[in-house]
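Engineer: Return atomic coordinates for the entry below.
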Amino acid sequence: MRIRTQSWDGGDADRFAVSLRAAAPRPAGIAAAVATTIERVRSGGDAALRELSEEFDGIAAEPFEIAPERVATAPAEIAAGLRNAIEEEAANVRAVAAAQVEAQAEPRPLTLDAGQRIELGEVPVGSAGIYVPGGRAPYPSSLVMGVVPARMAGVERVVVASPPEPGTGEPAPAVLAAAAIVGADAFYAVGGAQAIAAFAYGTESIPAVDVIAGPGSPWVQEAKLQCSRQVGIDGYAGPSELVVIALEDAPSEWIALDLCAQAEHGDDGLLVAISADAAWLERLAEAIEAVQARREDPGNATFDLVLVDGADAAVALTQALAPEHTEVIAPGGAELARRLTTTGCVFVGADSATAFGDYAVGSNHVLPTGGAGRFTGPLGPGTFRRRTCRVEIGEGTAKALAGTVDEIARAEGFPIHGESATVRAYGRNAPGEAE
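Structural biologist: Residues are numbered from 1 along each chain as shown. This is a model prediction of the structure:
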């Protein structure tokens, strides 16, 4: 574990943000290995998938698909408290997703001056593959966060992949139970980059999907990026990130727990606390040390504690970092939070711990990382829907617009484009020519 305390003078936020991000270790040399894995699955199908699963996970399920009857029995195998918690998480995520779909559900017709009618709308993709990490622990919450928005988006087929556990040859009961609770259509016991390749290209037993979503290891995320020429993806999800802006007195023990909670995901996350109170940052450092000392494996995460001169500097640095999560504890916190437009999810007030977003409140915990919040947002129904556009042009509109098409097309060296438009308006003759 490292705790770095430093002052920032407010100058060149982008440069300082880069220096903070540089502290986290990044895996090197995985792109070529992932490319090889993808090609083996693309060309070898199930046989290659089986070999890779044995090579990387030490086990290959046979068959890959978990029987629906088996998935259906899983909720009865987990403790009632956990089952109820998963059901509550699913209900809250479903409510938020439903509101997002409702806001975009109706086609939006538009008629312009020349008479052309444009109808803008959205339709669901045909199929989605949700990846759920395994290995160190089961992640039923990530299954819920992926399957529910896809289902609410109207996707016809929503399937799951997650690595099998060595002892049973299938994923953990909690993950299978979550799949049953939220209604996944199929569950495949396969993990890693090879699962992503199977979703992208298909094998004899795993049909290809239209969109892949979900968190996972750097190898999983690299596979998503490399397969994005073939299939839609939600983005690069991970490692975990949290920035805390504390500009009023907040219990340092609470904030230490929030930061250390994100450190549970691994040593490579971005963990930053920003304050104008040097004494409070000192107390926070002591609290972080105390929390990490309680962990069985405290790891080697880096915690950056940054002293600034006020709210404007805190906002500027957070905007430059574009983190996955931001917590705001400050006077006028709600207004300050509205200025944070590059964060995946903002939590306002001392009671709004990021952990609530990870599991219970209904916002999605699959969020942009690595600064991607500058151009994308949380996983949601929109990830599984595509925009559509329908155009209707009558004869009068064709006459009104053909000249515009012809002028621009000829300027770009495409005269037949122009002819394609003018023939609708004037038959074979351009305007002004004899019949």
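
Engineer: Tell me which stretches of the stretch 101-250 of the chain form strands.
Structural biologist: Under the criterion DSSP state E, counting those that start in this stretch, the stretch 101-250 of the chain carries strands at the ranges 108-111, 117-124, 127-131, 157-161, 186-188, 211-213, 232-233, 241-246.

Engineer: err, the stretch 301-435 of the chain, not the other one
Structural biologist: For the stretch 301-435 of the chain, strands defined by DSSP E, counting those that start in this stretch occupy the ranges 302-307, 325-329, 345-348, 385-392.

Engineer: now these in a markdown table, with distance to A128 and mean neighbour count?
Structural biologist: C-betas here are computed from N, CA, C, even on glycine. Output for the strands of the stretch 301-435 of the chain, formatted as a markdown table (distance: least, C-beta to C-beta, whole Å; neighbours: other C-beta atoms under 10 Å):
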| stretch | distance to A128 | mean neighbour count |
| --- | --- | --- |
| strand 302-307 | 35 | 21 |
| strand 325-329 | 24 | 27 |
| strand 345-348 | 21 | 22 |
| strand 385-392 | 10 | 12 |
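
Engineer: which one of those strands has the lowest average pLDDT?
Structural biologist: Confidence, taken as mean pLDDT, is least for strand 385-392 of those (a mean of 92).

Engineer: Show residues contacting that strand.
Structural biologist: Outside strand 385-392, the residues that touch it by C-beta atoms under 8 Å, 6 or more residues apart in numbering are 104, 116-125, 153-154.

Engineer: Go through those residues and name the one nearest V34.
Structural biologist: When the contacts of strand 385-392 are compared for distance to V34 (C-beta to C-beta), V125 wins out at 23.9 Å.

Engineer: Could you measure from that closest one over to R151?
Structural biologist: 12 Å (C-beta to C-beta, to the nearest Å).

Engineer: mind putting the strands of the stretch 101-250 of the chain in JSON lines, mean pLDDT and mean neighbour count included?
Structural biologist: Below are the strands of the stretch 101-250 of the chain laid out as JSON lines (pLDDT from 0 to 100; neighbours: other C-beta atoms under 10 Å):
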{"stretch": "strand 108-111", "mean pLDDT": "84", "mean neighbour count": "11"}
{"stretch": "strand 117-124", "mean pLDDT": "90", "mean neighbour count": "15"}
{"stretch": "strand 127-131", "mean pLDDT": "98", "mean neighbour count": "28"}
{"stretch": "strand 157-161", "mean pLDDT": "98", "mean neighbour count": "24"}
{"stretch": "strand 186-188", "mean pLDDT": "98", "mean neighbour count": "23"}
{"stretch": "strand 211-213", "mean pLDDT": "98", "mean neighbour count": "26"}
{"stretch": "strand 232-233", "mean pLDDT": "97", "mean neighbour count": "20"}
{"stretch": "strand 241-246", "mean pLDDT": "98", "mean neighbour count": "26"}
